[in-house]
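> Predicted structure and sequence below. I'll ask about it afterward.
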Amino acid sequence: MTPNEAETAVLVERLVGSVAGGEDRAVEAALRPKDLDEFIGQEKVREQLDLVLRAARARGATADHVLLSGAPGLGKTTLSMIIAAEMDAPIRITSGPAIQHAGDLAAILSSLQEGEVLFLDEIHRMSRPAEEMLYMAMEDFRVDVIVGKGPGATAIPLELPPFTLVGATTRAGLLPPPLRDRFGFTAHMEFYEPTELERVIHRSANLLDVGIEADGAAEIAGRSRGTPRIANRLLRRVRDYAQVKADGHITREIAEAALAVYEVDARGLDRLDRAVLEALLKLFGGGPVGLSTLAVAVGEERETVTEVAEPFLVREGLLARTPRGRVATPAAWAHLGLVPSGRGGPADGRDGRH
Ligand SMILES: Nc1ncnc2c1ncn2[C@@H]1O[C@H](COP(=O)(O)OP(=O)(O)OP(=O)(O)O)[C@@H](O)[C@H]1O
Ligand SMILES: [Mg+2]
């Protein structure tokens, strides 16, 4: 297992993890918006992409290559399919890790039809030789196929039909600049606002044929960590609860009770997130404390703390990573309803919610 896969393996088990699990994959196809109008939020990206695609259509040309960057579950795969649908073009789906050799990529590229969309997921995990072949394919719609080995090897140039490459990455920073520069348009996907997630939840509830009140949707949205995939997953768990414990209709009370069972709190933190915060506050007075010490205190590996729990805690402004160690913010004390012990803490910790 590569470190990346190990990270994924830990993440998929979490209800609030943003990486797709088995069940997500099965239902995501049914919940995916099919065109730009149905795609919720990401106003800037939508407006820009709409222009790019409209202009290409008006010219009767193939759209420029598009790079989609953003955290897992924000809608990159969804957008790639929308691009193909809007261009009325077929789509071919592959991913960086699936392309081991340049030859694999040559085989895919040479079988593309004119105007086809090639979706290359996790493009930052492609091998070096494949990446170099892709540069030429993107720019000149040409590849050099190497025949033979050693001094006798020859490069046979192969013309490609114009196609649109849609690359997706969770780590735009890892892309080599020559690759990044060959995309005509880069869309940076942001985390969603709670009101946007409410719309995602209403739309999905409708498709799943589940009745939901506005405040029920708001309750789920607030705990979804800015991520549509998590919103859809929490919705499905709340639906289960509503069907077993009530009449199947989702109200705020039902959503609260269901998410209490699944240990997802009002802000979207799960048991691990809270364990890390609690150790930091209760055992170490809010820090600073070293990562190793904190990991031992919660009985987890260092990687689990840094990769799984911390990113969201940092994003939420509950925890800070400093050169001297991990430090809790005043918001962390307030969130856990604790009063800071000793120096440096805020006096209003008592106001925190439970
Ligand atoms: N803007 C949106 N409106 C409605 N639903 C959305 C939107 N964005 C994403 N979703 C839903 O969220 C789920 C996850 O989206 P998607 O698979 O496109 O994410 P992703 O960015 O490709 O994630 P990953 O990085 O893990 O591949 C899908 O079920 C999709 O329907
Ligand atoms: Mg995807």
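That came in fine, so what should we check first? Ligands and ions are numbered 1, 2, ... in the order given.

> Residue 164 contacts residue 89, doesn't it?
Yes: counting by CB atoms under 8 Å, residue 164 does reach residue 89; the two are 7.2 Å apart. Placement of C-beta: from N, CA and C, glycine included.

> who touches both of the two?
Listed as contacting both residue 164 and residue 89 by CB atoms under 8 Å, 6 or more residues apart in numbering are 62, 115-117.

> returning to that earlier point: of residue 164 and residue 89, which one has the most company?
Just comparing residue 164 and residue 89: by other CB atoms under 10 Å the higher neighbour count belongs to residue 164, 27 against 17.

> Could you pull up the residues touching that one?
Residue 164 makes contacts with 62-66, 83, 87, 89, 115-118, as judged by CB under 8 Å, 6+ apart.

> now with 6 Å?
Residue 164 makes contact with 62-63, 117, according to CB atoms under 6 Å, 6 or more residues apart in numbering.

> Check residue 255 too.
216, 219-220, 238.

> got it, and residue 217?
198, 201-202.

> mind redoing it with 10 Å?
Going by CB atoms under 10 Å, 6 or more residues apart in numbering, residue 217 touches 194-195, 197-205, 231, 235, 238, 250, 252, 255.

> Just the element for it, please.
Per DSSP states H and E, residue 217 falls inside helix 214-222.

> do residue 27 as well
Here residue 27, judged by DSSP H and E, is contained in helix 22-31.

> Tell me the secondary structure of residue 100, please.
Reducing the assignment at residue 100 to three states with DSSP: H, G, I helix; E, B strand; the rest coil gives coil.

> and it, what is it in contact with?
With CB under 10 Å, 6+ apart as the criterion, the residues that contact residue 100 are 126-127, 129-130.

> Residue of this structure closest to ligand 2, please.
residue 77 (3.1 Å; CB to the ion).

> can you count the residues close to that residue?
19.

> Got the confidence number for it?
Predicted confidence (pLDDT) for residue 77: 96.

> do the one 4 residues further on as well
Note for residue 81: predicted pLDDT of 97.

> Just give me the neighbour total for it.
The local packing count at residue 81 equals 19, with neighbours defined by other CB under 10 Å.

> Same question for it, what's its three-state structure.
Taken by three-state DSSP, the conformation at residue 81 corresponds to helix.

> if I pick it, what's in contact with it?
Residues in contact with residue 81 (CB under 10 Å, 6+ apart) are 29, 32-35, 91, 93, 117, 119, 166.

> Let's see if you can find the most crowded of those residues.
Top of those by neighbour count (other CB under 10 Å): residue 166, with 29 neighbours.

> Show me what it bridges to in the sheet.
The partner list for residue 166 in beta bridges (DSSP bridges) reads residue 66, residue 119.

> thought it was touching residue 138?
No: shown here, residue 166 and residue 138 do not form a contact pair, counting by CB atoms under 10 Å, at 11.5 Å.

> and residue 332, helix, strand or coil?
At residue 332, secondary structure determined by three-state DSSP is helix.

> and the gap between residue 337 and residue 331?
Note on residue 337: its distance to residue 331, by CB to CB, to the nearest Å, is 12 Å.

> Neighbour count: those two, which is higher?
The residue with more neighbours, out of residue 337 and residue 331, is residue 331; 15 against 12, by other CB under 10 Å.

> The closest residue to residue 90 other than its chain neighbours: what's it in contact with?
Distances taken as CB to CB, 6 or more residues apart in numbering place residue 116 nearest to residue 90, at 5.2 Å, with adjacent residues excluded. Residue 116 sits next to 62, 84, 87, 89-92, 161-165 when contact means CB under 10 Å, 6+ apart.

> filter those to the buried ones?
Restricting the contacts of residue 116 to buried positions leaves 62, 84, 87, 89, 91-92, 163-165, with burial counted as 16 or more other CB atoms under 10 Å.

> Please flag which of the residues you listed sit within helices.
residue 84 (DSSP state H).
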